[in-house]
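Visitor: based on what follows, work out the 3D shape:
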Amino acid sequence: MIDHELRQSLNDELHGRTGLRILAPARITHLAFTITEGDSSPTEHLKELALQLNEEAPEANALHHHLKIAGGFLRFERHGEFYRVAIIAEGRQPAGAVAMDLVPFEWIEGLPGKRLVAIHTHLLSAKEKTPDDDALVKLFGHDDLAASTVAQDGAMVWTDFRIRPDGFSRWLVQDKGLTPLRLGRVIRRIHEIETYRMMSLLALPLARAAQAELRPLEQDLHNVIGRMTEDQAENDATLLARLSGVARQVEELSNRTNYRFAATRAYAALVEKRVAELHEVRVRNYQRIGIFLDRRFSPAIATCNAVMTRIESLAQRSERANNLLRTRVDIALEAQNQSLLRSMDGRAKQQLVLQETVEGLSVVAISYYLFNLLAKFSEGFQSEQTPVERLLRLAGVPMAIALVWLALRVIRRRARR
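Guide: Coordinates of the predicted model:
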């Protein structure tokens, strides 16, 4: 049997991003960076750390890599337009410690791209006391939190989705008896919620800017369509030029925003899926994470979707109006062409009548000159003419006309062939 050349790589996609095995207590620092073509390779930066720690370096185009560090481990994942780094500090840590303290500060500061997500997650064990409301206010600085039990009451999660002065947001998770692999999946999901939430919101400023551009374009299209309904209100060529200008600007706006809006839809769908996978149950008087996002995150996504729909609708309306106006122009041109053809047909008939009149006069003229030529020719032989000769001479006039007419008919027939 011959295997398909992509069989192994396609199968490995299922195992490319293996789950994290995390034991509580622990501290996790999660970072996500957007990257562009001009940025240096994050795998090359990770390779530098691996060489410093005498660990296995990632391949040049590696999509994921697991790196052991003193006191924990580091997880790297590469995605389409961003990459993620998770640093896990295992065991109980000193008060105020964070997981990224396990790696050199210079290495963290040198990570390529632009930081979009930065989270410090404090993971409590099942043996530790569950924080009460006062402890949560002391930790987060306020009581406007989202909280829930997740994974069939296997863990409790608290967060406020806010960026603190140090540039990091905070999540608090308490294990209630999950296995290390299941606990790792819970941590992964809450980090993905934050990452995909931020990636999806990249389109929000673009949507707000596009709204300002759409208003005058929609008004211009409305005005052009209004002019089209008025008889002889404006030259069709002028209307077509205005309509083409609107369509061109709409197409340019669509090309500029289409990718970002499509990505937003995909990321927002992942956020919804990750929230659903948590299987949340309400904790005391706090909002569930899903409810918190639905009230504050969903309207932003709805704005992006509405703007994208407006752009698509405006493009379709301008195309329909363009087709209608072109149809009207074509009908007007067809009417002009028919009028021109009728005029040409009348002129052709007039030219035919003139031509036939000229031919008739030509027959008389040519016959006259031919008869005189014959008469002059006959005068050279006889000085006097008898009555019979005069009769024959008179009979030569119709004969000459008939001969000239027949000759012209033969010439005309040959010219028509």
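Visitor: was I right to think G290 contacts V275?
Guide: Yes. Shown here, G290 and V275 form a contact pair, counting by Cβ atoms under 8 Å, at 4.5 Å. (C-beta placed from N, C-alpha, C; glycine too.)
Visitor: the two - which one has more neighbours?
Guide: Legend: neighbour count by other Cβ atoms under 10 Å for G290 and V275, higher for V275 (25 against 19).
Visitor: the more buried one contacts L293, correct?
Guide: Yes. Using Cβ under 8 Å, V275 makes contact with L293 at a distance of 6.5 Å.
Visitor: overlap of the contact sets of those two?
Guide: Taking Cβ atoms under 8 Å, 6 or more residues apart in numbering as the contact rule, the neighbours common to V275 and L293 are I193.
Visitor: send me the one helix or strand E106 maps to as CSV with only the CA atoms.
Guide: E106 belongs to helix 105-109 when elements are defined using DSSP states H and E. Output in CSV follows, covering the C-alpha atoms of helix 105-109 (Å, rounded to 0.1, in the frame of the first residue of the first chain):
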residue,chain,number,x,y,z
PHE,A,105,13.4,39.4,32.3
GLU,A,106,15.4,40.4,29.2
TRP,A,107,14.0,37.4,27.3
ILE,A,108,10.4,38.3,28.2
GLU,A,109,11.0,41.9,27.2
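Visitor: buried set for that helix?
Guide: Neighbour counts over helix 105-109 (16 or more other Cβ atoms under 10 Å) mark no residue as buried.
Visitor: quick one: list the elements packing against that helix.
Guide: helix 42-52 (3 or more Cβ pairs under 8 Å, 6 or more residues apart in numbering; DSSP states H and E).
Visitor: and the contacts of the helix it packs on?
Guide: 33, 35, 56-62, 65, 67, 74, 76, 78, 83, 103-104, 107, 110-113.
Visitor: the helices in the stretch 201-350 of the chain, which residues?
Guide: Remark: helices assigned in the stretch 201-350 of the chain by DSSP state H, counting those that start in this stretch are 203-228, 236-278, 289-296, 298-379.
Visitor: now do the longest one: which elements does it pack against?
Guide: Helices and strands in packing contact with helix 298-379 are listed as helix 203-228, helix 236-278, helix 387-416; criterion 3+ Cβ pairs under 8 Å, 6+ apart.
Visitor: got CSV for the ones you listed, with distance to F168 and mean pLDDT too?
Guide: Output for the helices and strands packed on helix 298-379, formatted as CSV (distance: least, Cβ to Cβ, whole Å; pLDDT from 0 to 100):
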stretch, distance to F168, mean pLDDT
helix 203-228, 22, 89
helix 236-278, 20, 91
helix 387-416, 96, 68
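Visitor: adding distance to T179, write the ones you listed out as a markdown table.
Guide: Shown next, in a markdown table, are the helices and strands packed on helix 298-379 (distance: least, Cβ to Cβ, whole Å):
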| stretch | distance to T179 |
| --- | --- |
| helix 203-228 | 38 |
| helix 236-278 | 16 |
| helix 387-416 | 101 |
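Visitor: what's the closest of those to I88?
Guide: I88 lies closest, by Cβ to Cβ, to one member of the helices and strands packed on helix 298-379: helix 236-278, at 19.3 Å.
Visitor: now the angle from the closest one to helix 298-379?
Guide: For helix 236-278 against helix 298-379, the angle by axes from the mean of the first three to the mean of the last three Cα atoms, to 10 degrees is 150 degrees.
Visitor: and helix 236-278, how far out from the chain's middle?
Guide: Distance of helix 236-278 from the chain centroid (Cα atoms, centre = their mean, to the nearest Å) equals 6 Å.
Visitor: and that helix, what does it pack onto?
Guide: So helix 236-278, by 3+ Cβ pairs under 8 Å, 6+ apart, packs with helix 180-200, helix 203-228, helix 289-296, helix 298-379.
Visitor: elements contacting the first one?
Guide: For helix 180-200, the helices and strands in contact under the criterion 3+ Cβ pairs under 8 Å, 6+ apart are strand 26-34, strand 82-90, strand 114-124, strand 155-159, strand 169-175, helix 236-278, helix 289-296.
Visitor: which one of these lies closest to Q336?
Guide: Across the helices and strands packed on helix 180-200, closest to Q336 is helix 236-278 (Cβ to Cβ), at 11.9 Å.
Visitor: most packed of the helices and strands packed on helix 236-278?
Guide: Ranked by mean neighbour count, the helices and strands packed on helix 236-278 are led by helix 180-200 with a mean of 21 (mean count of other Cβ atoms under 10 Å).
Visitor: how far off centre is that helix?
Guide: 29 Å.
Visitor: and stretch 136-149, by the same measure?
Guide: 40 Å.
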